[in-house]
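# next one to model:
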Amino acid sequence: MIVRFEGEVYRWEARTDSDWYFVALPPDLSEEIRETQTYRRGFGGVRVDATIGSSTWRTSIFPQTGGFYVLPLKRAVRDAEGIVPDGVVLVDLSVLDT
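Numbers count the residues shown, from 1 in each chain. Predicted coordinates for the structure are as follows:
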C-alpha cells in the first residue's frame, strides 16, 4: 500500500523534555491501514518507508487514542527538509508487510 497525505507537524507534549515530533495520518487513511494490516510490531506499530522531500527513511507508524496513526519525524529528516513545528508536510508512505 502506497499513500500520500499532508499533515501538520506537532511536538509531543507528554514530556516537556522531549524532542519528539510527529505528523498525524488522516483518520480515513488510518482506518484503511488498520483494516488491511494484520502484522503489527510493538505498541501496535506498522512498519513503513516514509518520504518527505528528498528524505526517505524506514520507521513505524503508531496508533493513538482517537483511532489515527502518527508518523515520528527524525531530527535528521527535520533538519534536512527544514521541517518546523506547526508546519505542514507532504508525506509519501509505503506500508510494508513485515
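
# what's the spacing between residue 53 and residue 82?
8 Å (Cβ to Cβ, to the nearest Å). Any C-beta I mention is one placed from the backbone N, CA and C, and that applies to glycine too.

# who's more crowded, the two?
In terms of neighbours (other Cβ atoms under 10 Å), residue 53 is the more surrounded of residue 53 and residue 82; the figures are 14 against 8.

# dump the residue contacts of the nearest residue to that one once chain neighbours are set aside.
Nearest residue to residue 53 in three dimensions, chain neighbours excluded: residue 81, at 4.3 Å (Cβ to Cβ, 6 or more residues apart in numbering). Each residue near residue 81 by Cβ atoms under 8 Å, 6 or more residues apart in numbering is listed here: 52-55, 89.

# closest to residue 77 among those?
Comparing the contacts of residue 81 against residue 77 with Cβ to Cβ places residue 55 closest, at 4.6 Å.

# so where do the helices sit in the protein?
27-36, 75-81 (DSSP state H).

# which one of those lies closest to residue 64?
With respect to residue 64, and counting by Cβ to Cβ, the nearest of these is helix 27-36 at 8.7 Å.

# what comes into contact with the lowest-mean-pLDDT helix or strand in the chain?
Sorting the helices and strands of the chain by mean pLDDT, DSSP states H and E puts helix 27-36 at the bottom, at a mean of 87. Counting by Cβ under 8 Å, 6+ apart, helix 27-36 makes contact with 1, 3, 5, 25, 46, 61, 63, 66-69, 95, all of which sit outside it.

# neighbours around residue 26, how many?
Residue neighbour count, defined by other Cβ under 10 Å, stands at 14 for residue 26.

# what's the answer for the one 10 residues further on, then?
Around residue 36 there are 10 other residues, counting by other Cβ under 10 Å.

# name the nearest residue to residue 77, ignoring sequence neighbours.
Residue 77 sits nearest to residue 55 (Cβ to Cβ, 6+ apart), 4.6 Å away.

# show me what contacts the residue nearest the centre of the chain?
With distances taken as Cα atoms, centre = their mean, the chain has residue 71 as the residue nearest its mean C-alpha position (1.3 Å). Applying Cβ under 8 Å, 6+ apart, one finds that residue 71 lies in contact with 7, 22-25, 48, 50, 59, 61, 91, 93.

# cool, thanks, talk later.
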